[in-house]
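Student: sharing a model that was predicted from the sequence below.
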Amino acid sequence: MKNHSRLVAVGLVLLSLALWEAICRLGQVNPKLLPAPSVIFRAGIEDWPAASLATQVTLIEVLAGTSLAIICGVVISFLLWSAKTFGKAVMPLLVISQTIPIVAIAPLLIIWFGFGATSKILLVALFGIFPIIVAFSKGLTAPSRDQIDVARSLGASPAWIFSHLRMPAALGDFMTGLRIAVTYGPATAATAEFVGAENGLGIYLLTAQGSFRTELVFFGAGILTLMTLAAYLLVELAELVLIPWKKAK
């Protein structure tokens, strides 16, 4: 059923591209307003050296920021779970941090850490950490009191309960949170690059916009979309490998 849904989704995307191409070719649409997919692809191939370099810069920022979000998110989740008072005090601050717009935080990080990759990595981590913390913390508390009591009555140690009850439950929720977090990464990095950067897809889009190269704007946006989709599918693949019992459900 899941594979069938994906095939339908791919079919709809291809159909939409075909209709888009037909409308642009038959409807005499101004290519400066809406270029055809074939025009976008051809322009992107011609400009690939610049687009490739920008993609590499943004990809490094996304990978580093997401890795930092995972490390910090897991550590903070353990602290929230082990110290309930600490968790109750910190969680509202985490919620508040997610209400601050990217365009308000990005200039500050650029002032503090410069126009290089560091400020973009920190911003990606900041906006990716929240879903990881929420999901992983929830998973750590997922085993019921009855399950824990039964395990203890059978002689299970705290370490066994943690590794065989809490961690399997937490791992599933962690993957759910990570799936959400990785979808934030490319757009967050590109938005930070809009504010100030030396290179990256955000700068690539601004340059294309400034030179009225609409086809390159679409091409850059397409790369960001594919990067987000690839990250989502990669997490889904990791979930199948690390949590095979979830697939059986």
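Tutor: Received it, and whenever you're ready, just let me know what you need. Keep in mind it's a predicted model, so treat the numbers as computed, not measured.
Student: looking at the residue nearest the centre of the chain now. What's its pLDDT?
Tutor: Ranked by distance to the mean C-alpha position of the chain (CA atoms, centre = their mean), the top residue is V182 at 1.8 Å. V182 is assigned a pLDDT of 92 by the prediction.
Student: what's the helix or strand for it?
Tutor: Using DSSP states H and E, V182 sits in helix 167-195.
Student: which SSE is immediately downstream of that helix?
Tutor: Assignment by DSSP H and E places the next element after helix 167-195 at helix 201-210.
Student: quick check: closest non-adjacent residue to L34.
Tutor: C24 (6.2 Å; CB to CB, 6 or more residues apart in numbering). For the C-beta atoms, the positions are set from N, CA and C on the backbone; glycine is no exception.
Student: and stretch 176-195, what's buried?
Tutor: 176-195 (16 or more other CB atoms under 10 Å).
Student: longest helix of the protein?
Tutor: Counting by DSSP state H, the longest helix found in the chain is helix 48-82.
Student: count of neighbours near the spatially closest residue to L53 that is not a sequence neighbour?
Tutor: Nearest in space to L53, with sequence neighbours left out and distances taken as CB to CB, 6+ apart, is N199 at 6.4 Å. A total of 17 residues lie near N199 under the criterion other CB atoms under 10 Å.
Student: quick check: N199 touching L59?
Tutor: No - the criterion here is CB atoms under 8 Å, and N199 misses it with L59 at 11.8 Å.
Student: just the element for A9, please.
Tutor: Assigned by DSSP H and E, A9 falls in helix 2-26.
Student: in the chain, which helix or strand is least confident?
Tutor: In the chain, no helix or strand scores lower on mean pLDDT, DSSP states H and E than helix 244-248, which sits at a mean of 60.
Student: any regions of the protein where pLDDT drops low?
Tutor: Within the chain, the segments meeting pLDDT under 70 span 1-4, 84-87, 142-147, 149, 156, 158, 163, 245-249.
Student: can you name the residues in contact with stretch 94-104?
Tutor: 123, 126-127, 129-130, 133, 188, 191-192, 195 (CB atoms under 8 Å, 6 or more residues apart in numbering).
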